[in-house]
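*Asks:* model the structure of this input:
(one chain, ligands or ions: 2)
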Amino acid sequence: MSKAPIAYLTRKEIFSACHRLHSPRLSKEENAQVYGKCNNVNGHGHNYVVEVTLCGPVDGDTGMVMNINDLKKYMDNAIMEPLDHKNLDKDVPHFSNLVSTTENVAVFIWNNLKAQLPRPTMLHEVKIYETEKNIVIFRGEFD
Ligand SMILES: Nc1nc2c(c(=O)[nH]1)N=C([C@H](O)[C@H](O)COP(=O)(O)OP(=O)(O)OP(=O)(O)O)CN2
Ligand SMILES: [Zn+2]
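*Replies:* Ligands and ions are numbered 1, 2, ... in the order given. Purely as a prediction, here's the structure:
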C-alpha cells in the first residue's frame, strides 16, 4: 500500500481588536521606556491577520488534510469569538495579567486551537500579521 502524502493546509482570518502594551511585571517607568507610544493609556487598534497551518496526511478517500469548513469552525471558536472587536486587555481574561504582545496572542491562539482539534499534533504554525510590517510565528516551541 502506498504511503499518504503529507500536505500543509493554511487558512486565514482577520480580527479587529484594541490593546495597550503594559506589563504588570514592569514599573510604570519601565513600561513607558520599553513600550513607548504603545504604552499610551488610550490604547490603539489593529486588524490582525492570522494564518493557521495544519500539517497531515492527505486522506485517500476525501483528498483532504482537513475539511476547510471544519477548520473554519475551529478558528471561529479559537480566534474570532474570543478576540474579534474586543479590547484584548479588558475583555479577554487571559490578558488581564499578561501583556498583549503579538507573541502572547499567537500562543493564546495556539493553545485554543490545540484544545479543539481532533488531532492536536496536526497544528503546525500560527502566524500573525499585527501590521503589514510586524509578524509573529509560533510553532509550539519552548526554550
Ligand atoms: N516584539 C513585539 N514588539 C512590539 C509589539 C509586539 O506585539 N511584539 N507590538 C507593538 C505595538 O503593539 C504596535 O502596535 C506596533 O505598531 P507600530 O509601531 O505603529 O507599527 P509599525 O511598526 O507597523 O509602524 P511604523 O510605521 O514602523 O511605525 C510594538 N512592539
Ligand atoms: Zn499594538
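*Asks:* per-residue pLDDT, the nearest residue to residue 4 once chain neighbours are set aside?
*Replies:* Closest residue to residue 4 in three dimensions, ignoring its sequence neighbours and counting by Cβ to Cβ, 6 or more residues apart in numbering: residue 57, at 3.7 Å. Every C-beta, even on glycine, is put in place using the N, C-alpha and C of the backbone. At residue 57, the pLDDT value in this model is 98.
*Asks:* so residue 57 touches residue 2, yeah?
*Replies:* No - counting by Cβ atoms under 8 Å, residue 57 does not reach residue 2; the two are 11.4 Å apart.
*Asks:* and the residue nearest to residue 4, what does it touch?
*Replies:* 4-7, 65 (Cβ atoms under 8 Å, 6 or more residues apart in numbering).
*Asks:* look up how far residue 63 lies from it.
*Replies:* From residue 57 over to residue 63 the distance is 11 Å, taken as Cβ to Cβ, to the nearest Å.
*Asks:* circling back to that earlier point, now render the contacts of residue 57 as TSV, adding neighbour count, distance to residue 98 and secondary structure.
*Replies:* TSV is the format used below for the contacts of residue 57 (neighbours: other Cβ atoms under 10 Å; distance: Cβ to Cβ, whole Å; DSSP: H, G, I helix; E, B strand; the rest coil):
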residue	neighbour count	distance to residue 98	secondary structure
4	12	39	coil
5	9	39	coil
6	10	34	strand
7	13	34	strand
65	21	32	coil
